[in-house]
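Starting from these lines, generate the structure:
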Amino acid sequence: MIAATSDIIFWDRFQQGDATAFEMLFNQQWEPLMRYACSIIEDHALVQDVLQNFFIELWQKRTTLPRPESVQAFLVFMLRHRLLNALRSEDIRSRHEQGFAKLVDQEEGHTASQLYMKEVYAQLHHYVDSLPPRMRQVFYMHRMEHKTVAEIASLLNASEQTIRNQLNTATKRLRLQLKSSFLTLFL
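Prediction:
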């Protein structure tokens with residue numbers, strides 16, 4: 001009971017913008033949340049990315065979060081949704097990679113053409129991965145999952161204009177990086 005009361009006190013201070021309370025919350029919850037996340041996702045690097053983004057988002061949205069009865073249970077609940085979204089994104093990405101690989105493998109033609117296709121795809125993949133995490137997520141949701149701007153805004157708790165801005169910026173960056181490639185036709 002004392003630990004739960006202590007957690008709530010730190011939570012209140014964290015919501016008021018106390019960076020020390022946030023650091024204590026982070027240090028206290030990182031390992032349990034990491035173990036939980038690793039029990040769901042086997043990719044340790046992906047788990048670290050999701051968890052880091054989770055804590056960044058937690059800090060950014062601290063004033064709008066409710067006061068939980070159990071801080072750890074609340075954080076696990078919130079993290080579960082991020083993990084499911086990450087799994088969904090990785091699954092969709094994997095299916096697109098496999099589909100494109102099949103297309104390249106099935107292409108009848110010169111080996112140089114196949115190598116060029118693979119190289120261009122690898123280049124696109126690299127450029128998309130170099131986008132900031134949130135922008136990359138918005139881009140994948142829109143272009144790969146075919147979600148509307150409104151759906152993405154709802155899922156990410158962002159305004160539709162923010163989502164449009166991120167999509168426009170991502171598209172402009174990718175076009176600049178791929179300007180000599182035929183892939184700009186698809187952006």
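
alpha carbons only for contacts and neighbour counts from here, please
OK.

Correct me if wrong: T63 contacts R13.
No - T63 lies out of contact with R13 (Cα atoms under 8 Å); the separation is 10.6 Å.

and the closest residue to E160 other than its chain neighbours, how many neighbours?
With Cα to Cα, 6 or more residues apart in numbering as the criterion, E160 has its nearest non-adjacent residue at 5.3 Å, and that residue is A153. If you count neighbours by other Cα atoms under 10 Å, A153 ends up with 18.

Grab the most central residue of the protein for me.
Q137 (4.8 Å; Cα atoms, centre = their mean).

what's S159 sitting at in phi/psi?
phi -80, psi 150 (degrees, to the nearest 10).

Tell me which residues of the helix or strand hosting M34 come out buried.
Element membership for M34 (DSSP states H and E) is helix 19-40. For helix 19-40, the neighbour count (16 or more other Cα atoms under 10 Å) marks 21-22, 25, 30, 33-34, 37-38 as buried.

Counting by contacts, list what it packs against.
If you count contacts as 3 or more Cα pairs under 8 Å, 6 or more residues apart in numbering; DSSP states H and E, helix 19-40 packs onto helix 2-15, helix 44-60, helix 71-106.

OK, contacts around R143?
By Cα atoms under 8 Å, 6 or more residues apart in numbering, the contact list for R143 is empty.

try Q177
Y127.

how close does it get to D129?
13 Å (Cα to Cα, to the nearest Å).

From what I see, S159 and E151 are in contact.
No - with contact defined as Cα under 8 Å, S159 does not reach E151; the gap is 10.5 Å.

circling back to that earlier point, quick check: which element contains the residue nearest to E160?
Assigned by DSSP H and E, A153 falls in helix 149-156.

buried sites along that helix?
In helix 149-156, counting by 16+ other Cα under 10 Å, buried: 149, 152-153.

For these, could you give me a markdown table that also reports distance to H142 and pLDDT?
Compiled in a markdown table, the buried residues of helix 149-156 are given as follows (distance: Cα to Cα, whole Å; pLDDT from 0 to 100):
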| residue | distance to H142 | pLDDT |
| --- | --- | --- |
| V149 | 7 | 88 |
| I152 | 8 | 90 |
| A153 | 11 | 92 |
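
so which of those residues comes closest to D7?
Nearest to D7 among the buried residues of helix 149-156: A153, at 31.2 Å, using Cα to Cα.

dump the residue contacts of the closest one.
159-160, 162-163.

which of those residues are buried?
Using 16+ other Cα under 10 Å, the buried ones in these are 160, 163.

from the contacts of A153, which single one is nearest L124?
After measuring those against L124 - Cα to Cα - the closest member comes out as I163, at 21.0 Å.

Dihedrals phi and psi, the closest one?
phi -60, psi -40.
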